[in-house]
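Chemist: 3D model of this:
(chains A and B)
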Amino acid sequence: MGGAWLQFVAGGLTAGAIYALVALGFSIVYNASHAINFAQGEFVMAGGMSAVSLVGMGLPLWAAVPLAVAAAALVGLLVQRLALEPAQAGGRADVVTLIIITIGVSLFLRGAAQVLWDKGIHPLPSFSGSTPITVGGASIVPQSLWVLGGTALAVLVLAWFFNRTLYGKAMRAAAVNPLAAQLMGVSTRGVMRTSFALAGALGALGGVLTAPITFTAYDVGVMLGLKGFAAAMLGGLGSFGGAVAGGLLLGLLESFGAGVISSAYKDALAFVVILAVLFLMPGGLVGARRTERV
Amino acid sequence: MPVAQSVSDRGAASGVAKVSSVFTSRVGALAALALVLVALPFALPNTYFYEIAILVALNAIVCVGLNLLIGYAGQISLGHAGFYALGGYGSAILASNYGWPVWLAMLTSVAAVGVLAWLIGRPTLRLKGHYLAMATLGLGVIISIVLTNEDRLTGGPDGMPVPALVVFGQALSGEKTWYPIIAVALWLTVWYALNLIDSPIGRALRALHGSEVAAETVGIDSARWKLRVFVQSAVIAAIAGVLTAHYAGFITPAKSSFLHSVELVIMVVFGGMASIWGAVVGAAVLTMLPQFLTTLKDYEMMVFGAVLVATMVFFPRGIVPTLARLFGRG
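Modeler: I've put the predicted structure just below:
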C-alpha cells in the first residue's frame, strides 16, 4: 500500500515539475505585459523536438540539451520582437489583442513544427539509463530525478536572478509599475523581450527533461500549455512561488486522481481545478487581495 | 436598396460618412443581409457550395452572439465551442437515447445550456478582469473530455448519429432544405443582436465598456448585465449547435474542442469587435479560408497562424471597423 502511494507521489511530482516550469513561463510573461501567452506550450514542444533533432544529427546529449533550450529562448525572443512588439508599438494595445496574437503564434509554431519535422511521435534517449530505481516499494525511472533536479535548479537560478541581480530587480519593478520603472531608466521593451526569452527557455527545459518519459510530437504543447496555465492560476497568476506550488500540486492531484478515481478523467482534473479556484479563491494560493485604483 | 439609401442619407445629414453608415445603421444592415441571403442560392452552383454557405451561416450565428459578449460586455469566452457542442449533443441524446420528440429535445437542450452558462457566469462575472475567459476555458475542456469519454451516451470519440427533425410528417434533410432554415436563423440572430445593442441593455453595456467605474456610479449593475449577455450568447451558440446537429445528422466531440472555441473567438476579433457586421464577415472569411488553404496541405496551419498575427498587428480593431473607417474618411 505504501509503495502505491509513493508511486503516485513520484509520478505526480514529475509531471508537476513540468507544469511548474510552464506555469513560471506564463507568470513571467504575464508580469511583463499582462497578456496570457497561449504559445507557452509550443515552447515546450520546440525544446523537445529540437533536442530530438540535435541528437539525431549525432550531437551528444550534454550539448544538445543546452542548444535546444537556447533555440527555444531565441524563438521566444523572436515571438516578442516580430509578433507582439509591432502590435504594442501603436500605443496601448488591448490585452485581448495580445492574447489573440499569441494564439496565432501558437498555431504558426505548431504548423511550422509539422512542416520542419512531421506528425510522428519522437523519443529522446534517457539522460542516464532507464533501469528503474526501487525506493520503498515504488519504482522510479532515473529520468524523473533529472526532471525534479532540473526544475529545482531552474527555480533556484530564477530566484537568484529576480532577487539578487540588478536586471532581475528591474524586471520586477517594471511588473509593478511600468511607467515608474521607465522613468528610472528601465527599458520596458527590453524587459518584455527578456521575459519572452526566459519563458521560451523554461518551457524548452520542461520539454527536454520530459521527452525521454512522455516522448514529444508537434502537438504536445496544446495540453501542456493549458495545464501549465491551470497551474499558474492555481498558484496565483504572476506569482513565481505560486507557479511552482501550483504546478506540483496539480501534478499530485492528477496522479492521485488517475490512481484513485478514474484515469479517463485525469486530463479533466486540471480544468476542474481552474473552476474551483475561480469560484472559491480567485487570487490563487498565494495571490494577494488586490484593490483597484480609480 | 432604397432602404439602405435613405438611411445613409440620414446618416450624412448628421455628419456621419455615407458608406460606413450602411454598415452601422440597423435597417440598412438588415436589408442588405436579407438581400445577400436570398440572392445567394442563385449563385451557388452545387451542393458543396450550399454546404459551405450553411457552415458560414452557422458559424456567423455563434459569432454574432459571441461578439455581444466580447465586443459589448468586454469579456472573452474560450469555451463557446463547448456550449455549441453541448446544445447539439443534448438534443441528439434526448431524441435518440430517450425517444423525446425532436423539437422538444432541441428546446430543452438550448435551455439547459442557458442554465449551465448562468451557473458558471454568476460567480465569475462578479470578479474584475478576464476571469470569465479562464472559467469558460475550463468548462469547455471539461465538456469536451466528458463527451469523448461517456461513450455509452455520446458514442465516444467517433460521435453519434442525430435523428432528423420532422415537420408535418416530413423529415428535413439535405442542404437545399436546411439552407433557408439556417439563413432565417442567422437573420433573426442579427436582428435580435442589433435590437439588443440599441436597447437599454445595449446602452448599459456600452457604458460599461467605456468605463466600468463611471457606469457603476450611475447605477448600472455591471455583473448583472454582463451575466445576461453571457447567458444569451451561450444560448445563441447552443441554438447554432442544435441546428448543426440536426442538419448534419451526425455529431462528433471535435465540435467541442478548445481549438474550435479559439477559432470562434478569432472569427469575432478578425471581423471586428463590437461590430455585428464584423462577426458575420469574420465568420464568412475564416470559414472559407481553410477551404482555399487545403491546397497548401502541410502549410495550412502555419499560414492560418501567420494571417491571424498579421491581421491583429495591422488591423487591431478587426477588418470591418478598419475598412468602414477607411471608406468613411475617403
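Chemist: Going by C-alpha atoms from here, please, whenever you check contacts or count neighbours.
Modeler: Noted.
Chemist: residues in contact with the residue nearest to B:V141 when sequence neighbours are not counted?
Modeler: In space, and not counting its chain neighbours, B:V141 is closest to B:F258: 6.2 Å by C-alpha to C-alpha, 6 or more residues apart in numbering or on different chains. Taking C-alpha atoms under 8 Å, 6 or more residues apart in numbering or on different chains, we find B:F258 in contact with B:L78, B:G79, B:A81, B:L137, B:G140, B:V141, B:S144.
Chemist: try 7 Å this time
Modeler: Residues near B:F258 by C-alpha atoms under 7 Å, 6 or more residues apart in numbering or on different chains: B:G79, B:G140, B:V141.
Chemist: Neighbour-wise, give me the winner out of those.
Modeler: Highest neighbour count within the contacts of B:F258, by other C-alpha atoms under 10 Å in any protein chain shown: B:G79, with 31 neighbours.
Chemist: Report the separation between that residue and B:V280.
Modeler: 19 Å (C-alpha to C-alpha, to the nearest Å).
Chemist: Could you do A:G203 as well?
Modeler: 37 Å.
Chemist: what do you get for A:T102?
Modeler: 23 Å.
Chemist: So between those two, which is more surrounded?
Modeler: It is B:V280, of A:T102 and B:V280, that has more neighbours when counted by other C-alpha under 10 Å, with 28 against 24.
Chemist: Please name the nearest non-neighbouring residue to the more buried one.
Modeler: B:A60 (4.9 Å).
Chemist: quick one: which helix or strand includes that neighbour?
Modeler: Assigned by DSSP states H and E, B:A60 falls within helix B:47-67.
Chemist: Are there helices or strands packed against that helix, and which ones?
Modeler: The helices and strands touching helix B:47-67, judged by 3 or more C-alpha pairs under 7 Å, 6 or more residues apart in numbering or on different chains; DSSP states H and E, are helix B:175-198, helix B:222-248, helix B:258-271, helix B:276-293.
Chemist: If you count neighbours, what's buried in that helix?
Modeler: Within helix B:47-67, the residues that count as buried by 16 or more other C-alpha atoms under 10 Å in any protein chain shown are B:50-67.
Chemist: Over to stretch B:302-322?
Modeler: Those would be B:302-313, B:315-322, for stretch B:302-322 by 16+ other C-alpha under 10 Å.
Chemist: what does it contact?
Modeler: Contacts for stretch B:302-322 (C-alpha under 7 Å, 6+ apart): A:83, A:86-87, A:97, A:101, A:104-105, A:107-109, A:111-112, B:269-273, B:278.
Chemist: if I pick the residue nearest to B:S233 when sequence neighbours are not counted, what's in contact with it?
Modeler: Closest residue to B:S233 apart from its sequence neighbours, by C-alpha to C-alpha, 6+ apart: B:G65 at 4.4 Å. Counting by C-alpha under 7 Å, 6+ apart, B:G65 touches B:S233, B:I236, B:A237.
Chemist: ok so, going back, pretty sure the residue nearest to B:V280 sits against B:L286.
Modeler: No - under the criterion of C-alpha atoms under 7 Å, B:A60 is not in contact with B:L286, lying 10.3 Å apart.
Chemist: quick one, what contacts the residue in the stretch 151-294 of chain A that chain B sits nearest to?
Modeler: Residue nearest to chain B within the stretch 151-294 of chain A (C-alpha to the nearest C-alpha): A:F271, separated by 4.5 Å. Contact analysis of A:F271 by C-alpha under 7 Å, 6+ apart lists A:A230, B:G138, B:V141, B:I142.
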